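In: Give me a model of this one.
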Amino acid sequence: METSTRLDTSIPGRHAAEVVERGVGRRRLMAISALIGGSSALLGACAPSTGTPTPTATASGTGAGSILQPGSGEIAGDHYLPSEPDSVLWGYVPTTSTAPVLQMASGTTVTIDAVSHEGILEDQGRDPLAYFGGHGVERSSVLEDAVAIAADYDRTPRDFVLDGPHVVTGPVFVEGAEPGDVLKIETLEATPRVPYGVVSSRHGKGALGSTKDGGAPEGITTEQVMPPLGTDARDRPDPADWGDVSTFTRIEDGRGVMDFDGGSARFPLRPFMGMMGVAYSDASSPTDPTANSIPPTLGGGNIDIRLLGEGSTFYLPVHTEGALFYVGDPHHAMGDGEVALTAMEGSLRGTFRLTVCKEGAGDAPSVAHRYPFAETADAWIPIGLSDPDGSTDGQGSDLDVAMRTAVVNALDFLEQDRGMDRATAYAYLSAAADFTLSQVVDRTVGVHGVIPKAHFS
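Out: Numbering: from 1, shown residues only. Sure, this is the predicted structure:
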């Protein structure tokens, strides 16, 4: 396990500052520095936020013009974890027996260069230089770690049908974390590493995913399914010939840009890690179905809640010593539901403060000791999953189950942490809280609530 920070010393200090400032903007750089350089007693505490907004940079300030190759620019965290072939899993998340690649003290920070799976998958040729080059991206603007991961056939043999798609970085051993604790994950930075991303639709997946025999899902016609994708050719041996569709999306002036005949659509970026988790499966095999990277679980993982960007806090129950924290599925932007299958996927540099919260200390939301929970500066976010044990004993994808679970977790939080009687809490949720689809595409589907902090003095 590595316990020291990895730093790039090839760029002199002044030039490094200029590089990162061009890439993320002076205002954003100052905001990130302020967040990480603040009082450790204040920022490292486990206690849920009082609701006072924390100053953070906005995605519109990213610029996203520079290329953050591994180790380049300023590394803001106390530790640095690159996504090298020996520090990632592809398609699977760490289990409780996975060896950590980094060890750090509770309350300290880590910067992770996460790699997007889009552009390196088998249906895109597993060659990011060729794939992105075909969209006009210069070789120097393709991430070196993405190239290395895609080229490492010996370490990452893959089954495109069975394996998950995500490149998962970690795990990180957090000192002092034990089963029954909560790991508090503060996202301090989420910076696009490249000025482009990809949104993909794949046959049999997404909100309009076809059935195994190629038919339409219940409630719609084949004609309504086919326009977004085209001919289903999953019977061909090469996934590159299956007819999946990937939409290259560039970043201009801090916004995502999708071109189409006659115009373009421009939308704001909202970078966040779609996947943040701790080890949950106790499978001995690293490729056990219960460790597949697609379904989220009680250990978090592919949670895909768009609110979990800079300034957010994610709480996860710990299931093994050291928690074994990991990240993956970096997003530049995502709509609630993630209907096509993927968000605007794009590699990110994330900086996180990881803090262990002990059971019985009242330092984390009570719900978080048994179920994922989140908050932003403005809201508490109870979460519900349709099948929180992942694929153990089958796979459940009932949105009603996810919705009911999110409501129960909201009631438990309001009653146990805010002192509200349960009947009033139920009425309050109906009158003033919002419940939203997190995603409908990850096998285990998700719903999250938004409880505004301003409603409570």
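In: so how far is residue 169 from residue 194?
Out: Residue 194 sits 16 Å away from residue 169, going by CB to CB, to the nearest Å. C-beta here means a position set from N, CA and C on the backbone, and glycine is covered the same way.
In: Looking at the two, which is more packed in?
Out: Using other CB atoms under 10 Å as the criterion, residue 194 and residue 169 rank with residue 169 on top: 29 against 25.
In: Next one: that one from residue 85, what distance?
Out: Taking CB to CB, one finds residue 169 at 11 Å from residue 85.
In: likewise residue 295?
Out: Between residue 295 and residue 85 the computed distance is 25 Å (CB to CB).
In: got the end-to-end distance for stretch 285-299?
Out: Stretch 285-299 has an end-to-end distance of 18 Å (CA to CA, to the nearest Å).
In: same deal with stretch 163-179?
Out: 28 Å.
In: Stretch 220-236 too?
Out: End-to-end distance (CA to CA), stretch 220-236: 26 Å.
In: residue ranges of the helices in the stretch 1-150 of the chain, please?
Out: 13-24, 26-37, 40-43, 128-133, 144-151 (DSSP state H, counting those that start in this stretch).
In: residues in contact with residue 267?
Out: 255-256, 258, 333 (CB atoms under 8 Å, 6 or more residues apart in numbering).
In: now it, what's its secondary structure?
Out: strand (DSSP: H, G, I helix; E, B strand; the rest coil).
In: Quick check, pLDDT for it.
Out: On pLDDT, residue 267 comes in at 97.
In: okay, which residue is most central for the chain?
Out: When CA atoms, centre = their mean is applied to the chain, the residue found nearest the centroid is residue 274 (1.9 Å).
In: Tell me the buried residues in stretch 411-429?
Out: With burial defined by 16 or more other CB atoms under 10 Å, the residues of stretch 411-429 counted as buried are 411-415, 417, 420, 425-426, 428-429.
In: Just the ones of those residues in helices?
Out: Mapping the buried residues of stretch 411-429 onto helices (DSSP state H) picks out 411-415, 417, 425-426, 428-429.
In: how about those residues, which pair is most distant?
Out: Greatest spacing in these, by CB to CB: 417 and 426 (15.7 Å).
In: Show me the strands in the stretch 101-250 of the chain, by range?
Out: 102-104, 108-114, 167-174, 182-192, 196-201, 245-252 (DSSP state E, counting those that start in this stretch).
In: now for those, which one comes closest to residue 368?
Out: Residue 368 lies closest to strand 182-192 among those, at 4.7 Å (CB to CB).
In: rewinding a little: between all of the buried residues of stretch 411-429, which two are separated the most?
Out: Largest separation among the buried residues of stretch 411-429 by CB to CB: 417 and 426, giving 15.7 Å.
In: for stretch 385-400, how far is the first residue from the last?
Out: Start-to-end, stretch 385-400 (CA to CA) is 10 Å.
In: could we number from 654 for the rest of this?
Out: In the new numbering, first residue 654, that becomes stretch 1038-1053.
In: List the residue ranges of the stretch 804-953 of the chain that fall below the pLDDT cut-off.
Out: Within the stretch 804-953 of the chain, the ranges that satisfy pLDDT under 70 run 863-869, 875-883.
In: distance between the ends of stretch 757-769?
Out: So stretch 757-769: terminal residues 24 Å apart, CA to CA.
In: Touching, residue 1030 and residue 966? I think so.
Out: No. Counting by CB atoms under 8 Å, residue 1030 stays clear of residue 966, with 9.3 Å between them.
In: the more surrounded of those two?
Out: Between residue 1030 and residue 966, counting by other CB under 10 Å, residue 966 is the more crowded of the two (25 against 16).
In: Roughly how far does that one sit from residue 1007?
Out: 11 Å.
In: show me what contacts the spatially closest residue to residue 971 that is not a sequence neighbour?
Out: When the adjacent residues along the chain are set aside, residue 971 lies closest to residue 834, with 4.3 Å between them (CB to CB, 6 or more residues apart in numbering). Taking CB under 8 Å, 6+ apart, we find residue 834 in contact with 970-971, 976, 1009-1012, 1022.
In: Specify which member of those residues is nearest to residue 804.
Out: Closest to residue 804, out of all of the contacts of residue 834 and judged by CB to CB, is residue 976, at 31.1 Å.
In: count of neighbours near that closest one?
Out: When neighbours are counted by other CB under 10 Å, residue 976 registers 31.
In: Equivalent analysis for the one 5 residues further on, please.
Out: One way to gauge burial is a neighbour count; for residue 981, by other CB under 10 Å, it gives 30.
In: isn't it right next to residue 953, touching?
Out: No. The criterion here is CB under 8 Å, and residue 981 misses it with residue 953 at 11.0 Å.
In: Can you name the residues that contact residue 776?
Out: Neighbour list for residue 776: 813, 855, 892-893, 895, 897, 899 [criterion: CB under 8 Å, 6+ apart].
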